[in-house]
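Participant: Sequence and predicted structure are below.
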Amino acid sequence: MQIRVGVSANDLTTRTHATASFRSPARLAVVPMARKGAAGAPAVVEPGQLLVVSVSGSSLALAGLSPPLAGRWTAVRINPQEAQAPVCLESLERAQAGGRRPPCYRGAFEVALAGGRLRVVLVCDADGYVEGVLGSEVPAGYRLEAIKAQAVAARTYGLRPRIDHSGEGFNVCDSYLCCQNFNGNAARINAGYRRAIEETSEEVLVYQDRPILALFSSNAGGHTENYENCFSDPLTDRFPPEPIPYLKAVPEGKLPAGFPGEPALRSLWHMPGPQTCDAWAPQFRWRLAMPADALEAHMHHVVERMGADPQFAPFIAPPPSGRFGHIDRFEVGKRGASGVAITLAVHTSAGTWLVTKELVIRSLFENPDLKLTRLRSARIFFDHGRDRLGLLSELVVSGLGSGHGVGLQQTGAQGLAVAGAGYRQILHHYYSGARVERMPASGV
Ligand SMILES: [Zn+2]
């Protein structure tokens, strides 16, 4: 089973490049490609030498080859001549243990012209891809059964991400902002990851004979969430989308009466030792105090920017005045099954702004002064500090969990594994109705 991974630029939002530089301790064969496969005699990059691919007019420019490629080409395949040799992409850097470094991969690359820039695709076996995802996503030291559950989910996601990338020529991209985090797969992985991948080799989650949309997040704060309460339809942008039968909210243990109403969320947040499988994790609850002046310094810009961004604009409804005044208070309207905020009213002196959808609500709080990109989750409640005139002086946001909470949650899977659950039980808990099946190499 092979998988094609689109490599993002350093910003993790664009997937085309001005140049791409490759270096490997092995010899690299560079094969010119035409639409129907290999098209010309390969050239060679000697071990340790740098291959630089850039754009020259309507074809690729390749430096570092000996001898140079004859002819003009719009796509090449780069094959390391030793199967396990790493190939490092030196034109990029990724956050990794020990700082930012060029990512290194095992597999072959395809580099092609795309709208005057370069598209870079790693072609590797699916288990090699899963290695990279586990290395980026799962803390070392998790129980084997929890890692196995994550391995099957990651392999499934690679075959069927939420966003269809087939028009770009790959299955999945490497950015956690779009698909799942993949910072290369050449580092030596620990024995637990290796064993989890081998013991689940070729296994994927299937519903009605198709790989499922295996969404996962870090910590669900006591209860997972229904797909339709957090995501838009990826094709039509419609919100809410059609529900997905196997992405249904499930409780993670004993919850206070009245859950997910706000009093129950407050009581869960304050409870010593909640009886849920994810409460052991530090992400389970968090609290953020924001001075009103820091909030006001940024939120009106954020609202303006979101209003001009087609991705966010449909989810931001301004008051009749169209202005963002002084903030008076925040009020969650509709909540999902986990208590996730689906609508949020921001009452200001110029009227009430209505903000809809989990990621939009989290992103509304972007604040460089507080070094905040977005809230960790939208399972939130608010406390308002007032000055002597009754004006907002401080906002305290309390939250449960980290991430959207749809599908498998990593810390909950670990909690279930500690309590004795096997990986199939864990997967059935989070993706009810989906089956684990072996998908042979030719099956996808
Ligand atoms: Zn993607």
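Facilitator: In hand now; what should we look at? Numbers count the residues shown, from 1 in each chain.
Participant: CA only for contacts and neighbour counts going forward, please
Facilitator: OK.
Participant: ok but residue 154 is inside a helix, no?
Facilitator: Yes - assessed by DSSP: H, G, I helix; E, B strand; the rest coil, residue 154 belongs to a helix.
Participant: mind checking the SS state of the closest residue to it other than its chain neighbours?
Facilitator: Distances taken as Cα to Cα, 6 or more residues apart in numbering place residue 130 nearest to residue 154, at 6.1 Å, with adjacent residues excluded. The local conformation at residue 130, judged by three-state DSSP, is helix.
Participant: list the contacts for residue 130?
Facilitator: 151, 154-155, 197 (Cα atoms under 8 Å, 6 or more residues apart in numbering).
Participant: Excluding sequence neighbours, find me the nearest residue to residue 234.
Facilitator: Nearest non-adjacent residue to residue 234 (Cα to Cα, 6+ apart): residue 163, at 6.2 Å.
Participant: Share the number of residues neighbouring residue 189, please.
Facilitator: Residues near residue 189, counting by other Cα atoms under 10 Å, number 14.
Participant: actually residue 385, sorry about that
Facilitator: The local packing of residue 385 (other Cα under 10 Å) involves 17 other residues.
Participant: what's the nearest residue to it if we skip its chain neighbours?
Facilitator: Per Cα to Cα, 6+ apart, closest to residue 385 is residue 394, 4.7 Å.
Participant: can you list contacts of the host helix or strand of that neighbour?
Facilitator: Taking DSSP states H and E as the criterion, residue 394 maps to strand 392-400. Outside strand 392-400, the residues that touch it by Cα under 8 Å, 6+ apart are 220-222, 269, 283-293, 327-329, 376-387.
Participant: so after it, what's the next helix or strand?
Facilitator: strand 408-409.
Participant: For that following strand, which strands pair with it and how are they oriented?
Facilitator: With DSSP bridges as the test, strand 408-409 is paired with strand 216-217 (parallel).
Participant: List the contacts of the residue most central in space within the chain.
Facilitator: Geometric centre of the chain, nearest residue: residue 176, 2.8 Å, by Cα atoms, centre = their mean. Neighbouring residues of residue 176 by Cα under 8 Å, 6+ apart: 12, 182.
Participant: And the pLDDT at it?
Facilitator: The score at residue 176 is 88. That number is its pLDDT.
Participant: same thing with residue 136?
Facilitator: On the pLDDT scale, residue 136 gets 82.
Participant: try residue 224
Facilitator: The model's pLDDT for residue 224 equals 98.
Participant: does it really touch residue 260, like I thought?
Facilitator: No - contact criterion Cα atoms under 8 Å: residue 224 and residue 260 do not qualify, at 11.2 Å.
Participant: what about those two, which has more around it?
Facilitator: residue 224 (30 against 20).
Participant: quick one: that one from residue 377, how far?
Facilitator: According to Cα to Cα, to the nearest Å, residue 224 and residue 377 sit 12 Å apart.
Participant: Give me the phi and psi angles of the closest residue to the ion within the stretch 301-444 of the chain.
Facilitator: Residue of the stretch 301-444 of the chain nearest the ion, by Cα to the ion: residue 311 (15.4 Å). Dihedral pair for residue 311: phi -70, psi -30, per degrees, to the nearest 10.
Participant: tally of neighbours for it?
Facilitator: The burial count for residue 311: 11, using other Cα under 10 Å.
Participant: what's the pLDDT at it?
Facilitator: 87.
Participant: Let the chain start at 31 from now.
Facilitator: Okay, residue one is now 31; in that scheme the one you just asked about reads as residue 341.
Participant: ok, it to residue 259 distance?
Facilitator: 17 Å.
Participant: do the same with residue 182
Facilitator: 24 Å.
Participant: and the two? which has more neighbours close in?
Facilitator: residue 182 (27 against 24).
Participant: Surely the more buried one touches residue 226?
Facilitator: No - if you go by Cα under 8 Å, residue 182 and residue 226 don't touch, sitting 9.0 Å apart.
Participant: Can you name the residue of the stretch 231-380 of the chain nearest to the ion?
Facilitator: Counting by Cα to the ion, the stretch 231-380 of the chain gets nearest the ion through residue 264, at 11.5 Å.
Participant: Count the neighbours of that residue for me.
Facilitator: With other Cα under 10 Å as criterion, residue 264 counts 12.
Participant: quick one: it from residue 421, how far?
Facilitator: 41 Å.
Participant: can you check residue 244 too?
Facilitator: 45 Å.
Participant: try residue 155
Facilitator: Distance from residue 155 to residue 421, by Cα to Cα: 59 Å.
Participant: again, but for residue 357
Facilitator: 9 Å.
Participant: The two: which is more packed in?
Facilitator: residue 357 (22 against 15).
Participant: who's in contact with the residue lying closest to that one once chain neighbours are set aside?
Facilitator: Using Cα to Cα, 6+ apart and skipping the chain neighbours, the partner closest in space to residue 357 is residue 378 (4.3 Å). By Cα under 8 Å, 6+ apart, the contact set of residue 378 is 354-359.
Participant: what pairs with residue 378 across the strands?
Facilitator: Under DSSP bridges, the beta-bridge partners of residue 378 are residue 357, residue 381.
Participant: What pLDDT is listed against the nearest residue to residue 409 once chain neighbours are set aside?
Facilitator: Nearest residue to residue 409, sequence neighbours excluded (Cα to Cα, 6+ apart): residue 370, at 4.1 Å. In this prediction, residue 370 carries a pLDDT score of 98.
Participant: and residue 370, how many neighbours?
Facilitator: Neighbour tally, residue 370, other Cα under 10 Å: 30.
Participant: residues touching residue 395, list them.
Facilitator: 325, 329, 332, 402-405.
Participant: which residues of the chain fall in helices?
Facilitator: 156-167, 174-189, 221-229, 292-300, 322-337, 388-393, 440-448, 453-460 (DSSP state H).
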